[in-house]
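**Student:** Give me coordinates for this.
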Amino acid sequence: MKKEKIAKILLSVVALLGMNTVYSSAMHIAEGFLPSPMWIIFWFAVSAPFVIYGFKAIKVKIDQVPKAKILLAMAGAFVFILSALKIPSLTGSCSHPTGIALGAILFGPSPMAVMGLIVLLFQALLLAHGGITTLGANVFSMAIVGSFVAYYTYKWLKSAGVSSAVSVFVAAFLSDLLTYVTTSFQLAVAFPSPDGGIMASLVKFMGVFAVTQIPIAVGEAILTVIVFGILEKYSFAEVKALETGSYDAYPEGSVKSEEPKGKKIASASSGKKSPLWKKNVILLVVFFIVVFAPLAIKSGSEFGGADGIAMDIVTEIDENYQPNFEPFFEPASGEIESLLFALQAALGAGVIGFGLGRLTKKES
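**Tutor:** Numbers count the residues shown, from 1 in each chain. So this is what the prediction gives:
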């Protein structure tokens, strides 16, 4: 029971990190910052097929592995929590993780297009974070590009014989980073620089989004490794059934010490390896170092949101540009926005806590 309690504490720490939110814009293309209806319609049209297929993909996955519903809920909750985090970067600004990689690795990229849409719609309607007119563009960068990068990176590394932990880390890191690279490209093609065109604009936006995001992507990768390891330990049959499409190779109730169909399943906490919880404690320590080091190194910085800085670049490129749409709803103050971000994190934390309780109860 000791390890079960420690696992709950570790994942609860991850969940409660999202409660420490403050007023900031942090990531998405803001409402009104796609300069013409053409771009609004284009990104909606590109994203819509992925989202529509995502609903079908969720049904297929749940039909194949009915007991994976709790994992899907936890994957969505992970996105809610991480996208509510404000993490400082060594550039002196801040941004937030996406959380998309965990669900993409477990369920494939298509279902996470739906989960990303839900989170982004919640933020656009209640937090004035992102926007309705920019929803298609933000879904594409975070929930589509981020999901496909995570899924295929993980699959490729696993097929090459790389360990699960390293595969998850690299997949989550690239998913997070390339989300912001995509956002930079979206803004660059919408706002080409008068001197240098799209490439000059891309360099400017990448200097804000991509560079800021590197240490934050490391932090997300660490958290994803921790949570994936815990889910794999306490819901092993479902995780493997999602991977193979059925319970045939890993029957329900099988555990890592069993050998279904003559194949030994390696245990993350057996043999000469360190116990899972010890690895998680070390990873959490590294995560907190990544998070808090910029506060010491850049102690004089205000750590404003990266997307706010990107919008300043837009006005540098076109000094006459004015946002063509206003947010559907805007919090009355920074304190109210912080409260709503905390609510978002609390919803995710509640689902994660409930899910973890169910999984550890099933294990015991």
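**Student:** In a helix, residue 28, correct?
**Tutor:** No - going by DSSP: H, G, I helix; E, B strand; the rest coil, the assignment for residue 28 is coil, not a helix.
**Student:** what about the strands in the chain?
**Tutor:** 87-88, 94-95 (DSSP state E).
**Student:** so which of the ones you listed comes closest to residue 235?
**Tutor:** Across those, residue 235 has its closest neighbour in strand 87-88 (27.8 Å, CB to CB). All C-beta atoms are positioned from the backbone trio N, CA, C, and that covers glycine.
**Student:** so how far is that closest one off the chain centroid?
**Tutor:** 15 Å (CA atoms, centre = their mean, to the nearest Å).
**Student:** neighbouring strands for that strand, and are they parallel or not?
**Tutor:** Neighbouring strands of strand 87-88 in its sheet, by DSSP bridges, are strand 94-95 (antiparallel).
**Student:** any low-confidence regions in the stretch 201-350 of the chain?
**Tutor:** Within the stretch 201-350 of the chain, the stretches with pLDDT under 70 are 245-277, 298-308, 310, 324-325, 327-341, 344-345, 349.
**Student:** Which residue ranges of the stretch 51-200 of the chain form helices?
**Tutor:** 69-82, 100-107, 109-126, 135-138, 146-159, 164-190, 197-234 (DSSP state H, counting those that start in this stretch).
**Student:** show me the contacts for the nearest residue to residue 313 once chain neighbours are set aside.
**Tutor:** Closest residue to residue 313 apart from its sequence neighbours, by CB to CB, 6 or more residues apart in numbering: residue 204 at 5.2 Å. Residues in contact with residue 204 (CB atoms under 8 Å, 6 or more residues apart in numbering) are 188, 193, 313, 316, 317.
**Student:** again, but for residue 146
**Tutor:** Contact partners of residue 146, counting by CB under 8 Å, 6+ apart, are 98, 100, 101, 104, 112, 116, 175, 176, 178, 179.
**Student:** picking that back up, which one of the strands of the chain lies nearest to residue 30?
**Tutor:** strand 94-95 (13.6 Å).
**Student:** Just the mean pLDDT for the closest one, thanks.
**Tutor:** The average pLDDT within strand 94-95 is 71.
**Student:** swap in stretch 102-112?
**Tutor:** For stretch 102-112, mean pLDDT rounds to 94.
**Student:** roughly how far apart are the closest residue in space to residue 138 that isn't next to it in sequence and residue 60?
**Tutor:** In space, and not counting its chain neighbours, residue 138 is closest to residue 28: 4.5 Å by CB to CB, 6+ apart. Remark: distance between residue 28 and residue 60 (CB to CB, to the nearest Å) = 29 Å.
**Student:** And residue 190, by the same measure?
**Tutor:** To residue 60, residue 190 is 35 Å away according to CB to CB.
**Student:** ok, now residue 289?
**Tutor:** Residue 289 sits 41 Å away from residue 60, going by CB to CB.
**Student:** And these two? Which one has more around it.
**Tutor:** residue 60 (15 against 11; other CB atoms under 10 Å).
**Student:** What about the nearest residue to residue 107 once chain neighbours are set aside, how many residues nearby?
**Tutor:** In space, residue 107 comes closest to residue 61 once its chain neighbours are excluded; the distance is 5.5 Å by CB to CB, 6+ apart. Here the count is done by other CB under 10 Å, and residue 61 has 22 residues near it.
**Student:** just the one 3 residues further on next, same as before
**Tutor:** For residue 64, the count of nearby residues is 14 (other CB under 10 Å).
**Student:** Pretty sure it sits against residue 241.
**Tutor:** Yes - counting by CB atoms under 8 Å, residue 64 touches residue 241, with 7.1 Å between them.
**Student:** what's the average pLDDT for stretch 176-194?
**Tutor:** 91.
**Student:** List the buried residues in that stretch.
**Tutor:** Across stretch 176-194, burial judged by 16 or more other CB atoms under 10 Å covers 176-188, 190-193.
**Student:** Likewise for stretch 210-222?
**Tutor:** Buried residues in stretch 210-222, defined by neighbour count with 16+ other CB under 10 Å: 210, 212, 213, 215, 216, 217, 218, 219, 220, 221, 222.
**Student:** So for the fifth one, what's the nearest residue that isn't a sequence neighbour?
**Tutor:** Excluding its sequence neighbours, the residue lying closest to residue 216 (CB to CB, 6+ apart) is residue 87, at 4.9 Å.
**Student:** Could you report the separation of residue 352 from residue 346?
**Tutor:** Residue 352 sits 11 Å away from residue 346, going by CB to CB.
**Student:** Who has more neighbours out of these two?
**Tutor:** Per other CB under 10 Å, whichever of residue 352 and residue 346 has more neighbours is residue 352, with 25 against 17.
**Student:** roughly how far apart are the residue nearest in space to the middle of the chain and residue 297?
**Tutor:** Central residue of the chain (CA atoms, centre = their mean): residue 99, 1.6 Å from the mean position. Relative to residue 297, residue 99 is positioned 25 Å away (CB to CB).
**Student:** ditto for residue 207
**Tutor:** Residue 207 sits 18 Å away from residue 297, going by CB to CB.
**Student:** Which one of those two is surrounded by more residues?
**Tutor:** The residue with more neighbours, out of residue 207 and residue 297, is residue 207; 15 against 11, by other CB under 10 Å.
**Student:** Distance check, that one against residue 181.
**Tutor:** From residue 207 over to residue 181 (counting by CB to CB), the distance is 12 Å.
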